[in-house]
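# take a look and give me a structure for this.
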Amino acid sequence: MDNLEDLIGVRVELLAERMQQKGWRLACAESCTGGLLAKSCTDVAGSSRWFECAYVTYSNEAKSAMLDVPPELLEANGAVSVEVAQAMVKGVLDKAGVDVGVSITGIAGPGGGTPEKPVGTVCFGFAAKGRDIELSREVFRGDRNRIRQQSVLFALDKLLKIKDSVSE
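Residues are numbered from 1 along each chain as shown. Coordinates of the predicted model:
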């Protein structure tokens with residue numbers, strides 16, 4: 001099974017089972033993935049039992065308006081930064097009132113990259129009640145679709161690892 005869509009589907013099934021076992025709910029804030037994580041989660045029947053909502057905040061204005069990301073933070077660091085990923089995941093956790101939150105912001109390409117932030121640079125934030133926010137900066141390779149799929153797969157893998165330590 002080398003198809004990324006299939007791998008994503010398997011991870012979502014595992015996440016769904018574990019989230020339901022614990023009675024936890026998930027919300028996400030997505031930028032470069034454009035809702036692909038939310039779509040993947042809601043492809044699973046019964047996802048309303050564990051998936052709360054998604055904020056697709058593609059523009060800087062949307063990040064500020066919907067997730068309370070400070071405009072100064074965006075100006076100072078750029079939308080593709082761990083600082084903004086942190087503010088996004090904090091915003092989604094606060095706004096949605098869920099147990100677990102994830103944020104994804106990056107450059108899926110084909111344009112928009114710089115030497116400091118090449119195409120494929122994606123920053124993530126992971127938050128769970130009672131835990132410190134975890135941040136990650138990754139660089140994926142491939143075309144726009146593959147970068148987005150790799151981002152979703154990375155997020156799902158990370159969510160599967162942190163789900164055991166959420167405070168009840």
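# the strands in the chain, which residues?
Here the chain has its strands, by DSSP state E, at 26-30, 51-56, 100-106, 121-128, 134-139.
# can you redo those strands as a markdown table with mean neighbour count and distance to residue 152?
Where C-beta positions appear, they are placed from N, C-alpha and C, glycine not excepted. Formatted as a markdown table, those follow (neighbours: other CB atoms under 10 Å; distance: least, CB to CB, whole Å):
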| stretch | mean neighbour count | distance to residue 152 |
| --- | --- | --- |
| strand 26-30 | 28 | 9 |
| strand 51-56 | 20 | 12 |
| strand 100-106 | 28 | 8 |
| strand 121-128 | 25 | 10 |
| strand 134-139 | 15 | 12 |
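# format these as TSV; extra columns: distance to residue 148 and mean pLDDT.
Listed next are the strands of the chain as TSV, based on distance: least, CB to CB, whole Å; pLDDT from 0 to 100:
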stretch	distance to residue 148	mean pLDDT
strand 26-30	10	99
strand 51-56	12	99
strand 100-106	9	98
strand 121-128	9	98
strand 134-139	13	98
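# which of these sits closest to residue 45?
Nearest of the strands of the chain to residue 45, taken as CB to CB: strand 51-56 at 11.6 Å.
# partners of the closest one, with directions?
If you go by DSSP bridges, strand 51-56 pairs up with strand 26-30 (parallel).
# mind saving the C-alpha coords of the strand it pairs with as PDB?
What follows is strand 26-30, C-alpha atoms only, in PDB (Å, rounded to 0.1, in the frame of the first residue of the first chain):
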ATOM      1  CA  LEU A  26     -10.700  16.900  17.500                       C
ATOM      2  CA  ALA A  27     -10.700  20.300  15.700                       C
ATOM      3  CA  CYS A  28      -8.200  21.500  13.100                       C
ATOM      4  CA  ALA A  29      -6.900  24.700  11.600                       C
ATOM      5  CA  GLU A  30      -5.600  24.300   8.100                       C
END
